[in-house]
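Engineer: Build me a model:
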Amino acid sequence: MAIRESKHAELIVDTAVALFKKNGYENVSVNEICKKADLSRSSFYAAFSCKQDIIEYVLAKAKTDETTVLNHFMDAKNDFERMWILCDRYLAIAYRFGPALTGALLRLELLGELDNLKQIHLSDDWFIRLTRNCQQTGVILSTEPAEILAPMGVDNVYMVTYDWCRRGGDFSLRREARIRSEIFYNVAPEYRWTKAQLESV
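Structural biologist: Next comes the predicted model:
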């Protein structure tokens, strides 16, 4: 990913995502993005080297938006909720992109043209430490090693996202991801979300 400092980066991202959602990722060219954003190609290439960089930029930004994460971390009741905050950053991207565009990106990943999961797994160290803390405090009852459990938990949410795309977004991605995560990690009953909490997402 060759992203450079540019005052136009956010405009390019917003324009590109809107076009990707409307016309499909594979059907949108750099020229179309520039035309819609009213920018020159040189302005585009000052920020991004290709369309793929736009997707990687959005994923990387979710990982590095530390101010937002830290503010939510301070308010979290336990480390499983902190894991959920990290997970929800990526679910927010899926919602922003919508099921059609997210599904198109998953297809490109299967073809080896994108590597979104690699970007997401860059947060594995955080998930491993938080999983270990949860096991030590009785929030997570699974006794599998955190180094194995946490990356598998990330993959579990990724598969929920795949199913959400396949079904055209006909269920709440956040609710299903939360339910499956609580089951996967064997979260103690007192730390699971209530029916009202699940219905609110």
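
Engineer: remind me which residues of this structure are low pLDDT?
Structural biologist: Within the chain, the segments meeting pLDDT under 70 span 1-6, 62-70, 116-117, 119, 121.

Engineer: Next, the buried residues of the helix ranked longest in the chain.
Structural biologist: Taking DSSP state H as the criterion, the chain has its longest helix at helix 79-110. Within helix 79-110, the residues scored as buried using 16 or more other Cβ atoms under 10 Å are 79-91, 93-94, 97-106, 108-109. Glycine gets a C-beta too; all of them are placed from N, C-alpha and C.

Engineer: Please compute how far that helix lies from its chain's middle.
Structural biologist: With Cα atoms, centre = their mean, to the nearest Å as the basis, helix 79-110 stands 3 Å off its chain's centre.

Engineer: other SSEs contacting that helix?
Structural biologist: helix 9-23, helix 51-64, helix 66-75, helix 116-120, helix 124-137, helix 146-166, helix 173-185 (3 or more Cβ pairs under 8 Å, 6 or more residues apart in numbering; DSSP states H and E).

Engineer: I'd like the ones you listed as CSV, with mean neighbour count and distance to Val201 appended.
Structural biologist: Formatted as CSV, those follow (neighbours: other Cβ atoms under 10 Å; distance: least, Cβ to Cβ, whole Å):
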stretch, mean neighbour count, distance to Val201
helix 9-23, 18, 22
helix 51-64, 19, 18
helix 66-75, 11, 15
helix 116-120, 17, 20
helix 124-137, 18, 20
helix 146-166, 18, 13
helix 173-185, 19, 4
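
Engineer: For Cys34, find the nearest of the ones you listed.
Structural biologist: helix 9-23 (8.3 Å; Cβ to Cβ).

Engineer: Which is the succeeding secondary structure element to that closest one?
Structural biologist: Per DSSP states H and E, the first helix or strand lying C-terminal to helix 9-23 is helix 30-37.

Engineer: what sits against the residue of the chain positioned farthest from its centre?
Structural biologist: For the chain, the largest distance from the centre (Cα atoms, centre = their mean) belongs to Ser40, which lies 29.9 Å off. Contacts for Ser40 (Cβ atoms under 8 Å, 6 or more residues apart in numbering) come out as Cys34.

Engineer: Phi and psi next, for it.
Structural biologist: Ser40 adopts backbone torsions of phi -80, psi 160, taken as degrees, to the nearest 10.

Engineer: what about it, distance to Asp14?
Structural biologist: Using Cβ to Cβ, to the nearest Å, we find Ser40 at a distance of 17 Å from Asp14.
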